[in-house]
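> Got a predicted structure here, sequence first:
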Amino acid sequence: MSLLWIFYHKNYQKIKLDDQNSRTLTIGPDLKHSVTIKHFSFEKGPVVLEKQKDSDAFNVQLGGETVSSLKLGGKASVQSGAEQLTLFLAEESDSVPAYYLG
């Protein structure tokens, strides 16, 4: 499983991506999108992340064209007017419980 971090303005969102079910993800201003960001100008439409076949990477699309590729441990930026949306894909670390006896 991986985590998608979305940074915009002074805000961020963290989304858990299930490896089998996360083939296509949309980021836009409406509730119908996978991730909703109301206070960002999506001038060319929503940002679409489409998982590449046989890979952990995603194609980042804006306005129907691929603008970059997002790989595990990497980042991609999408410019919309004067605003910037930064995407970071990280591997989710397994949390190990710690027990203290005393």
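Right, received. Where do you want to start? Numbers count the residues shown, from 1 in each chain.
> Break down the chain into its strands, ranges please.
2-8, 11-17, 24-28, 35-36, 47-51, 58-62, 65-70, 75-80, 83-91 (DSSP state E).
> what packs against the fifth one?
Okay, so that is strand 47-51. strand 24-28, strand 58-62, strand 83-91 (3 or more Cβ pairs under 8 Å, 6 or more residues apart in numbering; DSSP states H and E). Backbone N, C-alpha and C define where each C-beta goes, glycine included.
> Show me the beta-bridge partners of residue 70.
residue 58 (DSSP bridges).
> number of nearby residues for residue 97?
4 (other Cβ atoms under 10 Å).
> Let me see the confidence value for it.
Looking at residue 97, its pLDDT stands at 78.
> ok, now residue 21?
Confidence for residue 21, expressed as pLDDT, is 61.
> just residue 63 next, same as before
According to the model, residue 63 scores 88 on pLDDT.
> Phi first, then psi, for it.
phi 70, psi 30 (degrees, to the nearest 10).
> so what's the closest residue in space to it that isn't next to it in sequence up against?
Excluding its sequence neighbours, the residue lying closest to residue 63 (Cβ to Cβ, 6 or more residues apart in numbering) is residue 44, at 3.5 Å. Counting by Cβ atoms under 8 Å, 6 or more residues apart in numbering, residue 44 makes contact with 62-63, 80.
> Please apply the same query to residue 70.
Contacts of residue 70 by Cβ under 8 Å, 6+ apart are 49, 57-60, 76, 87, 89.
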